[in-house]
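>>> here is my input, please return the structure:
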Amino acid sequence: HAVPIGEARVVRDGEELTVVAYGSAVLLAEQAAEQLDEDIEVVDLRTLAPLDRDAILASARKTGKVLVAHEATQSCGVGSEVGSSLREVA
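Numbers count the residues shown, from 1 in each chain. As a prediction, the model looks like this:
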């Protein structure tokens, strides 16, 4: 199974909120969306460089709200990169 480089995947379709995640946070986001029984879209980044900004922005436009879920890092987290991309079009 080959993962396309730089191509995110929508693992759960929704209309109310976008959760952008990668790695283990994707599974946690899916589980939370199921437990909450809400209309939440989950976007799995799959690769971080290059980052699929088009997929992130398309989902953000669709739902109007974005939550970034990732494991904590001391610096240079993916959340800041996603947030920066979102601010560019806000």
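>>> is residue 82 in contact with residue 21, as I believe?
No: in this structure residue 82 lies outside contact range of residue 21 using C-beta atoms under 8 Å: 9.8 Å. Where C-beta positions appear, they are placed from N, C-alpha and C, glycine not excepted.
>>> just the helices in this structure please.
With DSSP state H as the criterion, the chain has helices at 24-36, 53-63, 78-89.
>>> need the winner for burial among those.
helix 53-63 (a mean of 17; mean count of other C-beta atoms under 10 Å).
>>> which helices and strands sit right next to that one?
Contacts defined by 3 or more C-beta pairs under 8 Å, 6 or more residues apart in numbering; DSSP states H and E place helix 53-63 against strand 17-21, strand 40-44, strand 66-69, helix 78-89.
>>> any idea of the pLDDT on residue 30?
With respect to pLDDT, residue 30 has a value of 96.
>>> now swap in residue 61 and tell me
At residue 61, pLDDT is 94.
>>> residue 74 versus that one, what's the distance?
Here the criterion is C-beta to C-beta, to the nearest Å. By it, residue 61 lies 32 Å from residue 74.
>>> re the thing from before, weakest of the helices of the chain in terms of mean pLDDT?
If the helices of the chain are sorted by mean pLDDT, helix 78-89 sits at the bottom with a mean of 84.
>>> how far off centre is it?
Taking C-alpha atoms, centre = their mean, to the nearest Å, one finds the center of helix 78-89 at 11 Å from the center of the full chain.
>>> which strands and helices sit next to it?
So helix 78-89, by 3+ C-beta pairs under 8 Å, 6+ apart, packs with helix 53-63, strand 66-69.
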